[in-house]
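In: Below are the sequence and a predicted model for it; my questions follow.
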Amino acid sequence: MARASLTPEIHPRRSFWNHFRPYRVYASAIRFRHTLCLGGLSFLAFLILVGTGVLLLFQYLPGADRAFASLTAIDSVIPFGRLFRAIHFWAGQVMVLTVFLHMGRVFYTGSYRPPREMNWIIGVGLLVLTLILDFTGYLLRGDQEALAAATVGANLMREIPGVGQALASIFFGDVSAGGATLPVYVWHIVGLPMIIGLLMGLHFWRVRKDGISRPL
Amino acid sequence: MNQSPVAARKPELVQAGEAPDKLLQPSGHSDKPVQDRVNPEKVPLAELASREWVAGLIAGNLILALALWLPPAFGYPPGALVPGGTYAPWVFGPIQVLLRWMSPLLGGVFVPVAGLLLLLGLPFLARKWARRLVAFLFWSFYAAVIVLTVYFFTGSR
(Lines give C-alpha, C1' and ligand atoms only; values in the text may rest on other atoms or scores of the structure.)
Protein backbone atom coordinates (compact mmCIF):
# COMPACT_ATOMS: atom_id res chain seq x y z
CA MET A 1 0.00 0.00 0.00
CA ALA A 2 1.36 3.38 -0.90
CA ARG A 3 2.35 5.50 2.07
CA ALA A 4 0.55 8.54 0.74
CA SER A 5 -2.80 6.75 0.75
CA LEU A 6 -2.69 5.99 4.47
CA THR A 7 -4.32 8.24 7.05
CA PRO A 8 -1.97 10.29 9.23
CA GLU A 9 -2.79 8.34 12.38
CA ILE A 10 -1.64 5.07 10.78
CA HIS A 11 1.45 6.41 9.04
CA PRO A 12 2.16 9.54 11.03
CA ARG A 13 4.75 12.07 10.07
CA ARG A 14 6.76 11.96 13.26
CA SER A 15 8.06 15.08 14.94
CA PHE A 16 9.21 16.32 18.33
CA TRP A 17 5.67 17.56 18.93
CA ASN A 18 4.45 13.94 19.08
CA HIS A 19 6.08 13.61 22.50
CA PHE A 20 3.31 15.89 23.76
CA ARG A 21 0.58 15.21 21.23
CA PRO A 22 0.74 11.63 19.91
CA TYR A 23 -1.44 10.71 16.97
CA ARG A 24 -3.38 8.17 19.00
CA VAL A 25 -4.26 8.19 22.71
CA TYR A 26 -5.86 5.62 24.99
CA ALA A 27 -9.62 5.90 24.95
CA SER A 28 -9.77 5.34 28.71
CA ALA A 29 -7.49 8.32 29.31
CA ILE A 30 -9.63 10.93 27.60
CA ARG A 31 -12.81 10.48 29.62
CA PHE A 32 -13.85 13.75 31.23
CA ARG A 33 -14.36 12.21 34.66
CA HIS A 34 -10.88 10.75 34.51
CA THR A 35 -9.05 14.06 34.77
CA LEU A 36 -11.87 16.62 35.01
CA CYS A 37 -9.74 18.56 32.49
CA LEU A 38 -8.15 20.42 35.41
CA GLY A 39 -4.57 20.19 34.15
CA GLY A 40 -5.60 21.32 30.68
CA LEU A 41 -7.65 24.19 32.10
CA SER A 42 -4.65 25.31 34.15
CA PHE A 43 -2.63 25.39 30.94
CA LEU A 44 -5.39 27.29 29.16
CA ALA A 45 -5.45 29.85 31.97
CA PHE A 46 -1.68 30.18 31.64
CA LEU A 47 -1.98 30.79 27.89
CA ILE A 48 -4.64 33.45 28.50
CA LEU A 49 -2.36 35.03 31.10
CA VAL A 50 0.53 35.15 28.65
CA GLY A 51 -1.65 36.56 25.85
CA THR A 52 -3.31 39.29 27.90
CA GLY A 53 -0.09 39.92 29.81
CA VAL A 54 1.80 40.69 26.59
CA LEU A 55 -0.91 43.20 25.65
CA LEU A 56 -0.72 44.84 29.08
CA LEU A 57 3.07 45.12 28.73
CA PHE A 58 2.60 47.76 26.04
CA GLN A 59 1.09 50.19 28.54
CA TYR A 60 2.17 49.14 32.02
CA LEU A 61 5.08 50.87 33.73
CA PRO A 62 6.71 49.46 36.87
CA GLY A 63 7.92 51.69 39.66
CA ALA A 64 6.62 53.07 42.90
CA ASP A 65 5.23 56.25 41.36
CA ARG A 66 4.34 55.04 37.88
CA ALA A 67 2.68 51.63 38.32
CA PHE A 68 -0.58 52.85 39.81
CA ALA A 69 -0.84 55.69 37.29
CA SER A 70 -0.23 53.42 34.31
CA LEU A 71 -2.77 50.91 35.61
CA THR A 72 -5.30 53.71 35.99
CA ALA A 73 -4.62 54.71 32.39
CA ILE A 74 -5.03 51.11 31.21
CA ASP A 75 -8.35 50.91 33.01
CA SER A 76 -9.81 54.23 31.95
CA VAL A 77 -8.04 55.49 28.82
CA ILE A 78 -6.71 52.60 26.74
CA PRO A 79 -9.37 50.97 24.52
CA PHE A 80 -10.37 47.58 25.93
CA GLY A 81 -7.68 48.03 28.59
CA ARG A 82 -10.09 47.37 31.44
CA LEU A 83 -11.38 44.23 29.73
CA PHE A 84 -7.91 42.78 29.13
CA ARG A 85 -6.81 43.60 32.67
CA ALA A 86 -9.94 41.91 34.02
CA ILE A 87 -9.38 38.83 31.86
CA HIS A 88 -5.76 38.74 33.05
CA PHE A 89 -6.88 38.98 36.66
CA TRP A 90 -9.55 36.29 36.44
CA ALA A 91 -7.36 33.92 34.44
CA GLY A 92 -4.83 34.19 37.28
CA GLN A 93 -7.45 33.32 39.90
CA VAL A 94 -8.79 30.45 37.79
CA MET A 95 -5.26 29.10 37.32
CA VAL A 96 -4.60 29.05 41.07
CA LEU A 97 -7.90 27.28 41.67
CA THR A 98 -7.52 24.68 38.90
CA VAL A 99 -3.91 23.89 39.84
CA PHE A 100 -4.98 23.33 43.46
CA LEU A 101 -7.92 21.14 42.44
CA HIS A 102 -5.71 19.31 39.94
CA MET A 103 -3.33 18.41 42.76
CA GLY A 104 -6.23 16.91 44.74
CA ARG A 105 -7.42 14.92 41.73
CA VAL A 106 -3.90 13.62 41.04
CA PHE A 107 -3.52 12.47 44.63
CA TYR A 108 -6.98 10.89 44.64
CA THR A 109 -6.13 8.78 41.59
CA GLY A 110 -2.83 7.74 43.17
CA SER A 111 -0.79 9.39 40.43
CA TYR A 112 1.86 10.55 42.89
CA ARG A 113 3.11 6.99 43.33
CA PRO A 114 5.76 5.28 41.17
CA PRO A 115 6.45 5.63 38.31
CA ARG A 116 5.02 9.14 38.46
CA GLU A 117 6.77 10.54 41.53
CA MET A 118 8.99 12.84 39.46
CA ASN A 119 5.96 14.34 37.77
CA TRP A 120 4.32 14.85 41.17
CA ILE A 121 7.36 16.82 42.31
CA ILE A 122 7.28 18.89 39.12
CA GLY A 123 3.59 19.51 39.76
CA VAL A 124 4.24 20.68 43.32
CA GLY A 125 6.86 23.05 41.92
CA LEU A 126 4.32 24.36 39.42
CA LEU A 127 1.81 24.94 42.24
CA VAL A 128 4.33 26.98 44.23
CA LEU A 129 5.40 28.97 41.18
CA THR A 130 1.75 29.65 40.29
CA LEU A 131 1.16 31.07 43.78
CA ILE A 132 4.27 33.25 43.48
CA LEU A 133 3.16 34.39 40.00
CA ASP A 134 -0.21 35.40 41.45
CA PHE A 135 1.49 37.21 44.31
CA THR A 136 3.83 39.18 42.06
CA GLY A 137 0.87 40.14 39.89
CA TYR A 138 -0.86 41.48 43.00
CA LEU A 139 2.23 43.53 43.86
CA LEU A 140 2.35 45.06 40.37
CA ARG A 141 -0.96 46.84 41.04
CA GLY A 142 1.24 49.38 42.74
CA ASP A 143 -1.49 50.48 45.16
CA GLN A 144 -1.34 50.83 48.92
CA GLU A 145 -2.44 47.21 49.48
CA ALA A 146 0.37 46.01 47.21
CA LEU A 147 2.85 48.04 49.26
CA ALA A 148 1.59 46.38 52.44
CA ALA A 149 1.71 42.91 50.86
CA ALA A 150 5.24 43.51 49.55
CA THR A 151 6.38 44.71 52.96
CA VAL A 152 4.93 41.64 54.68
CA GLY A 153 6.36 39.31 52.02
CA ALA A 154 9.83 40.85 52.17
CA ASN A 155 9.84 40.79 55.96
CA LEU A 156 8.80 37.13 55.98
CA MET A 157 11.56 36.27 53.53
CA ARG A 158 14.06 38.08 55.72
CA GLU A 159 13.02 35.74 58.56
CA ILE A 160 14.68 32.84 56.73
CA PRO A 161 17.87 32.22 58.66
CA GLY A 162 21.09 33.01 56.84
CA VAL A 163 19.97 33.80 53.30
CA GLY A 164 16.72 35.65 53.98
CA GLN A 165 18.08 39.16 53.58
CA ALA A 166 19.76 38.35 50.28
CA LEU A 167 16.71 36.51 48.93
CA ALA A 168 14.41 39.40 49.82
CA SER A 169 16.74 41.82 48.07
CA ILE A 170 16.96 39.67 44.94
CA PHE A 171 13.25 38.98 44.71
CA PHE A 172 11.63 42.20 45.97
CA GLY A 173 14.24 44.92 45.61
CA ASP A 174 13.52 48.03 47.64
CA VAL A 175 9.86 47.86 48.66
CA SER A 176 9.95 50.86 50.97
CA ALA A 177 8.06 53.03 48.44
CA GLY A 178 5.88 50.44 46.67
CA GLY A 179 5.42 46.82 45.70
CA ALA A 180 5.76 47.26 41.93
CA THR A 181 9.54 47.26 41.90
CA LEU A 182 11.67 46.39 38.89
CA PRO A 183 12.79 42.98 40.30
CA VAL A 184 9.16 41.99 40.97
CA TYR A 185 8.22 43.14 37.47
CA VAL A 186 11.00 41.13 35.81
CA TRP A 187 10.16 38.04 37.84
CA HIS A 188 6.50 38.38 36.89
CA ILE A 189 6.88 38.91 33.15
CA VAL A 190 10.06 36.93 32.39
CA GLY A 191 11.51 34.75 35.13
CA LEU A 192 8.46 32.99 36.50
CA PRO A 193 6.60 32.47 33.17
CA MET A 194 9.75 31.03 31.58
CA ILE A 195 10.32 28.58 34.43
CA ILE A 196 6.64 27.66 34.54
CA GLY A 197 6.57 27.15 30.76
CA LEU A 198 9.59 24.86 30.87
CA LEU A 199 8.23 22.85 33.80
CA MET A 200 4.85 22.56 32.07
CA GLY A 201 6.55 21.13 28.98
CA LEU A 202 8.38 18.62 31.16
CA HIS A 203 5.15 17.86 33.05
CA PHE A 204 3.17 17.13 29.88
CA TRP A 205 5.97 15.03 28.43
CA ARG A 206 6.11 12.92 31.60
CA VAL A 207 2.32 12.47 31.50
CA ARG A 208 2.67 10.96 28.03
CA LYS A 209 5.68 8.84 28.95
CA ASP A 210 4.37 7.54 32.29
CA GLY A 211 0.81 7.09 31.05
CA ILE A 212 -2.46 8.07 32.66
CA SER A 213 -3.29 6.33 35.93
CA ARG A 214 -6.55 4.51 36.69
CA PRO A 215 -9.84 6.35 36.16
CA LEU A 216 -11.83 7.80 39.03
CA MET B 1 11.33 -10.47 5.87
CA ASN B 2 14.17 -8.03 6.14
CA GLN B 3 14.71 -7.93 9.91
CA SER B 4 15.90 -4.99 11.90
CA PRO B 5 19.36 -5.13 13.57
CA VAL B 6 17.67 -5.41 16.97
CA ALA B 7 15.59 -8.39 15.86
CA ALA B 8 18.70 -10.01 14.40
CA ARG B 9 20.43 -9.76 17.78
CA LYS B 10 17.48 -11.33 19.63
CA PRO B 11 16.19 -14.12 17.39
CA GLU B 12 14.79 -16.01 20.38
CA LEU B 13 12.22 -13.28 20.91
CA VAL B 14 11.21 -13.40 17.27
CA GLN B 15 10.89 -17.21 17.30
CA ALA B 16 8.85 -17.11 20.49
CA GLY B 17 6.58 -14.54 18.93
CA GLU B 18 7.23 -12.14 21.81
CA ALA B 19 9.06 -9.46 19.89
CA PRO B 20 7.23 -6.17 19.74
CA ASP B 21 6.16 -5.07 16.31
CA LYS B 22 8.77 -2.39 16.08
CA LEU B 23 11.56 -4.95 16.44
CA LEU B 24 10.34 -6.60 13.27
CA GLN B 25 10.23 -3.39 11.31
CA PRO B 26 13.41 -2.65 9.36
CA SER B 27 12.72 1.06 8.99
CA GLY B 28 9.56 1.88 10.88
CA HIS B 29 7.36 -0.16 8.54
CA SER B 30 5.65 -3.51 8.99
CA ASP B 31 4.39 -6.16 6.60
CA LYS B 32 1.34 -6.67 8.81
CA PRO B 33 -1.99 -5.45 7.47
CA VAL B 34 -2.62 -1.88 8.49
CA GLN B 35 -5.67 -2.67 10.61
CA ASP B 36 -3.61 -5.11 12.76
CA ARG B 37 -1.12 -2.42 13.67
CA VAL B 38 -3.68 -0.02 15.13
CA ASN B 39 -4.11 -0.52 18.87
CA PRO B 40 -7.87 -0.97 19.37
CA GLU B 41 -7.63 0.61 22.82
CA LYS B 42 -6.43 3.85 21.29
CA VAL B 43 -8.40 6.51 19.48
CA PRO B 44 -7.26 9.32 17.19
CA LEU B 45 -6.00 12.48 18.86
CA ALA B 46 -8.95 14.33 17.37
CA GLU B 47 -11.16 12.63 19.99
CA LEU B 48 -9.10 14.25 22.75
CA ALA B 49 -8.75 17.54 20.90
CA SER B 50 -12.52 17.88 20.50
CA ARG B 51 -13.01 17.40 24.26
CA GLU B 52 -10.24 19.93 24.94
CA TRP B 53 -11.92 22.47 22.67
CA VAL B 54 -15.27 22.06 24.41
CA ALA B 55 -13.73 22.36 27.90
CA GLY B 56 -11.55 25.27 26.74
CA LEU B 57 -14.47 27.17 25.23
CA ILE B 58 -16.55 26.72 28.39
CA ALA B 59 -13.68 27.82 30.66
CA GLY B 60 -12.71 30.68 28.34
CA ASN B 61 -16.27 31.98 28.29
CA LEU B 62 -16.47 31.66 32.07
CA ILE B 63 -13.32 33.79 32.44
CA LEU B 64 -14.71 36.32 29.95
CA ALA B 65 -18.01 36.48 31.83
CA LEU B 66 -16.23 37.01 35.15
CA ALA B 67 -14.09 39.73 33.57
CA LEU B 68 -17.14 41.54 32.21
CA TRP B 69 -19.33 41.27 35.31
CA LEU B 70 -16.75 41.40 38.09
CA PRO B 71 -13.79 43.52 36.96
CA PRO B 72 -10.99 43.65 39.54
CA ALA B 73 -11.38 46.44 42.04
CA PHE B 74 -8.95 49.31 42.12
CA GLY B 75 -6.94 49.69 45.31
CA TYR B 76 -6.13 52.83 47.21
CA PRO B 77 -3.43 55.03 45.67
CA PRO B 78 0.06 54.84 47.17
CA GLY B 79 0.32 56.74 50.41
CA ALA B 80 -3.43 56.72 51.09
CA LEU B 81 -4.85 55.58 54.40
CA VAL B 82 -6.71 52.29 53.92
CA PRO B 83 -9.80 52.07 56.14
CA GLY B 84 -10.03 48.75 57.96
CA GLY B 85 -6.45 47.75 57.25
CA THR B 86 -4.94 45.85 54.33
CA TYR B 87 -5.18 42.16 53.58
CA ALA B 88 -3.05 39.67 51.72
CA PRO B 89 -4.22 38.37 48.34
CA TRP B 90 -6.60 35.48 48.93
CA VAL B 91 -4.11 32.87 47.72
CA PHE B 92 -1.97 33.76 50.72
CA GLY B 93 -4.96 34.03 53.04
CA PRO B 94 -4.01 30.88 54.99
CA ILE B 95 -0.57 32.36 55.78
CA GLN B 96 -2.14 35.64 56.90
CA VAL B 97 -4.44 33.71 59.25
CA LEU B 98 -1.46 31.75 60.62
CA LEU B 99 0.43 35.00 61.19
CA ARG B 100 -2.36 36.14 63.50
CA TRP B 101 -1.84 33.10 65.68
CA MET B 102 1.90 32.45 65.42
CA SER B 103 5.20 34.27 65.17
CA PRO B 104 6.34 35.38 61.69
CA LEU B 105 9.08 32.73 61.64
CA LEU B 106 6.70 29.94 62.62
CA GLY B 107 3.53 30.93 60.73
CA GLY B 108 5.19 32.62 57.78
CA VAL B 109 8.16 30.35 57.14
CA PHE B 110 8.27 27.06 59.07
CA VAL B 111 4.65 25.91 58.68
CA PRO B 112 4.41 26.73 54.93
CA VAL B 113 7.80 25.13 54.29
CA ALA B 114 6.75 22.05 56.29
CA GLY B 115 3.61 21.80 54.14
CA LEU B 116 5.69 22.10 51.00
CA LEU B 117 8.13 19.43 52.18
CA LEU B 118 5.20 17.15 53.00
CA LEU B 119 3.87 17.50 49.46
CA LEU B 120 7.29 16.88 47.93
CA GLY B 121 7.90 13.86 50.15
CA LEU B 122 4.55 12.11 49.63
CA PRO B 123 5.77 9.70 46.91
CA PHE B 124 8.65 8.62 49.13
CA LEU B 125 6.53 8.36 52.29
CA ALA B 126 4.13 6.18 50.32
CA ARG B 127 6.91 3.64 49.80
CA LYS B 128 7.46 3.14 53.51
CA TRP B 129 4.25 4.14 55.21
CA ALA B 130 0.76 2.76 54.91
CA ARG B 131 -1.25 4.24 52.09
CA ARG B 132 -4.01 5.32 54.48
CA LEU B 133 -1.57 7.27 56.65
CA VAL B 134 -0.17 9.10 53.63
CA ALA B 135 -3.70 9.83 52.42
CA PHE B 136 -4.63 11.12 55.88
CA LEU B 137 -1.65 13.48 55.90
CA PHE B 138 -2.37 14.82 52.44
CA TRP B 139 -6.10 15.33 52.92
CA SER B 140 -5.49 16.94 56.31
CA PHE B 141 -3.16 19.43 54.65
CA TYR B 142 -5.61 19.96 51.78
CA ALA B 143 -8.53 20.51 54.14
CA ALA B 144 -6.47 22.86 56.34
CA VAL B 145 -5.70 25.07 53.33
CA ILE B 146 -9.39 25.22 52.41
CA VAL B 147 -10.54 25.88 55.98
CA LEU B 148 -7.96 28.63 56.51
CA THR B 149 -8.88 30.23 53.17
CA VAL B 150 -12.58 30.23 54.10
CA TYR B 151 -11.67 31.60 57.52
CA PHE B 152 -9.61 34.33 55.84
CA PHE B 153 -12.71 35.48 53.93
CA THR B 154 -15.22 35.10 56.72
CA GLY B 155 -13.72 34.98 60.16
CA SER B 156 -10.55 37.00 60.22
CA ARG B 157 -11.83 40.36 58.97
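Out: Structure received.
In: Tell me the first helix or strand C-terminal of the least confident helix or strand in chain B by mean pLDDT.
Out: Here the helix or strand of chain B ranked lowest by mean pLDDT, DSSP states H and E is helix B:21-24, holding a mean of 51. As assigned by DSSP states H and E, the chain's next helix or strand after helix B:21-24 is strand B:42-44.
In: Output the below-cut-off pLDDT ranges for chain B.
Out: B:1-38, B:156-157 (pLDDT under 70).
In: Let's see that with 50 instead.
Out: Scanning chain B for pLDDT under 50 picks out the ranges B:1.
In: for chain A, same thing?
Out: When residues are selected by pLDDT under 50, those of chain A lie in A:1-6, A:215-216.
In: could you point out the longest helix in it?
Out: Taking DSSP state H as the criterion, chain A has its longest helix at helix A:81-108.
In: how about the helix or strand just after that helix against chain B, any contact?
Out: Tracing the chain past helix A:81-108, the next element assigned as helix or strand by DSSP H and E is helix A:117-139. Yes - contact of helix A:117-139 with chain B (CB under 8 Å from any CB of the partner chain) involves A:E117, A:W120, A:I121, A:V124, A:L127, A:V128, A:L131, A:D134, A:F135, A:Y138. For the C-beta atoms, the positions are set from N, CA and C on the backbone; glycine is no exception.
In: Give the closest residue to the second one in space, chain neighbours not counted.
Out: Spatial nearest neighbour of A:W120, chain neighbours left out: A:Y112 (4.0 Å); criterion: CB to CB, 6 or more residues apart in numbering or on different chains.
In: A:A64 in helix, strand or coil?
Out: Secondary structure, DSSP: H, G, I helix; E, B strand; the rest coil: A:A64 is coil.
In: What is the burial count for it?
Out: Other residues within reach of A:A64, judged by other CB atoms under 10 Å in any protein chain shown, total 18.
In: Reformat the residues of helix A:117-139 next to chain B as a markdown table; add neighbour count.
Out: Output for the residues of helix A:117-139 next to chain B, formatted as a markdown table (neighbours: other CB atoms under 10 Å in any protein chain shown):
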| residue | neighbour count |
| --- | --- |
| A:E117 | 19 |
| A:W120 | 23 |
| A:I121 | 17 |
| A:V124 | 19 |
| A:L127 | 18 |
| A:V128 | 15 |
| A:L131 | 18 |
| A:D134 | 22 |
| A:F135 | 23 |
| A:Y138 | 25 |
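In: Out of the residues you listed, flag the one nearest to chain B.
Out: For chain B, the nearest member of the residues of helix A:117-139 next to chain B is A:E117. The distance, counting by CB to the nearest CB, is 3.3 Å.
In: Which helix or which strand is home to the nearest residue to that closest one once chain neighbours are set aside?
Out: Leaving out its chain neighbours, the residue that sits closest to A:E117 by CB to CB, 6+ apart is B:P123, at 3.3 Å. Here B:P123 sits within helix B:111-128, counting by DSSP H and E.
In: Same check on A:V25?
Out: Under the criterion of DSSP H and E, A:V25 resides in strand A:24-26.
In: Let me know whether that strand sits next to chain B.
Out: Yes - using CB under 8 Å from any CB, strand A:24-26 reaches chain B at A:R24, A:V25, A:Y26.
In: So the spatially most central residue of chain B versus A:G173, what's the distance?
Out: Central residue of chain B (CA atoms, centre = their mean): B:L119, 12.2 Å from the mean position. Here the criterion is CB to CB, to the nearest Å. By it, B:L119 lies 29 Å from A:G173.
In: for A:T181, same thing?
Out: A:T181 sits 4 Å away from A:G173, taking CB to CB as the criterion.
In: the more surrounded of those two?
Out: Taking neighbours as other CB under 10 Å, A:T181 and A:G173 compare with A:T181 leading, 25 against 20.
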